[in-house]
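*Asks:* coords below, sequence missing:
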């Protein structure tokens, strides 16, 4: 009985300490509101940066894949059109090299302290910086999907009377999207977690909110574990939604 009494005392003391820490970190001074506000900023940044990244990524992927598939034709024909596509491809390659070759936190700080010095809206700056960064990776994901589509699909589009860009829009890109969806999901998860560095430009996102609570209470375990669990829950939900979308896409193919 003494053994079970010790176990019972241990759990009673543990729960009492857990309750005290919970109240200190979240209830006293309504610090839980900091977590909610930080989560809201994290979701806003992720959502709009995701849209911007996909738009940039699709455009860059279309330019690069178009140039790669028609490089020999451009060289033979020459002219202003070939020069224009070559220049666009060069700009896209330069963009990919710079963005993928520098840390996202450095890009964020350059955007805030150098390029957009006239604004105090850290959330807007974070959306633009993360969107531009994500666009580089989304571009390569989409480009690999487009390049994996059989060339006969382009011929099928032309037989239907589509020009090159109509073929890309109606035939190639939808098929490429199905192919790259799992990889795209991983990029979205990375983007969600990368927003944790937005605190460098004064944005109180989820991680910054947890760190602020830690700075006030001098208790690191409770707020940081709470932040980690919230990120984990969001990633699990996002993964489940993408898997459900994949199943629907597979059913639509049958």
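*Replies:* Cool, got the structure. Everything numeric here is computed off the predicted structure, so don't read it as measured data.
*Asks:* can you pull out the helices in the protein?
*Replies:* 2-22, 32-69, 71-77, 79-101, 104-110, 122-148, 152-159, 164-167, 173-194, 206-217, 221-253 (DSSP state H).
*Asks:* residues near residue 155, how many?
*Replies:* By the measure other C-beta atoms under 10 Å, the count of residues near residue 155 is 11. C-betas here are computed from N, CA, C, even on glycine.
*Asks:* Quick one: closest of the helices of the chain to residue 200.
*Replies:* Closest approach to residue 200 among the helices of the chain is made by helix 104-110 (5.8 Å; C-beta to C-beta).
*Asks:* What is that closest one packed up against?
*Replies:* When contacts are defined as 3 or more C-beta pairs under 8 Å, 6 or more residues apart in numbering; DSSP states H and E, helix 104-110 packs onto helix 122-148.
*Asks:* Report the buried residues of the helix it packs on.
*Replies:* Neighbour-count burial for helix 122-148, with 16 or more other C-beta atoms under 10 Å as criterion, is recorded at 122-143, 145-146.
*Asks:* Repeat that for stretch 33-50.
*Replies:* 34-35, 38-39, 41-42, 44-46, 48-50.
*Asks:* With stretch 161-178 instead?
*Replies:* 162, 167-168, 171-173, 175-176.
*Asks:* Distance from that stretch to the middle of the chain?
*Replies:* With C-alpha atoms, centre = their mean, to the nearest Å as the basis, stretch 161-178 stands 24 Å off its chain's centre.
*Asks:* and what of stretch 153-162?
*Replies:* Per C-alpha atoms, centre = their mean, the displacement of stretch 153-162 from the mean C-alpha position of its chain is 34 Å.
*Asks:* And for it, what's in contact with it?
*Replies:* Stretch 153-162 is contacted from outside by 69, 164, 166-167, 170-172, 175, using C-beta atoms under 8 Å, 6 or more residues apart in numbering.
*Asks:* same question, stretch 105-116
*Replies:* 99, 122, 124-126, 128-130, 132-133, 197-198, 200-201.
*Asks:* hmm, back to that, take the helices of the chain and lay them out in JSON lines including mean pLDDT.
*Replies:* Shown next, in JSON lines, are these (pLDDT from 0 to 100):
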{"stretch": "helix 2-22", "mean pLDDT": "74"}
{"stretch": "helix 32-69", "mean pLDDT": "92"}
{"stretch": "helix 71-77", "mean pLDDT": "73"}
{"stretch": "helix 79-101", "mean pLDDT": "88"}
{"stretch": "helix 104-110", "mean pLDDT": "94"}
{"stretch": "helix 122-148", "mean pLDDT": "92"}
{"stretch": "helix 152-159", "mean pLDDT": "76"}
{"stretch": "helix 164-167", "mean pLDDT": "76"}
{"stretch": "helix 173-194", "mean pLDDT": "85"}
{"stretch": "helix 206-217", "mean pLDDT": "91"}
{"stretch": "helix 221-253", "mean pLDDT": "85"}
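*Asks:* Tell me which of the ones you listed sits most buried.
*Replies:* Ranked by mean neighbour count, those are led by helix 122-148 with a mean of 22 (mean count of other C-beta atoms under 10 Å).
*Asks:* related to what we said a few turns ago, for the buried residues of stretch 33-50, could you give me JSON lines that also reports distance to residue 205?
*Replies:* Output for the buried residues of stretch 33-50, formatted as JSON lines (distance: C-beta to C-beta, whole Å):
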{"residue": "34", "distance to residue 205": "11"}
{"residue": "35", "distance to residue 205": "11"}
{"residue": "38", "distance to residue 205": "5"}
{"residue": "39", "distance to residue 205": "8"}
{"residue": "41", "distance to residue 205": "5"}
{"residue": "42", "distance to residue 205": "5"}
{"residue": "44", "distance to residue 205": "9"}
{"residue": "45", "distance to residue 205": "7"}
{"residue": "46", "distance to residue 205": "9"}
{"residue": "48", "distance to residue 205": "13"}
{"residue": "49", "distance to residue 205": "12"}
{"residue": "50", "distance to residue 205": "15"}
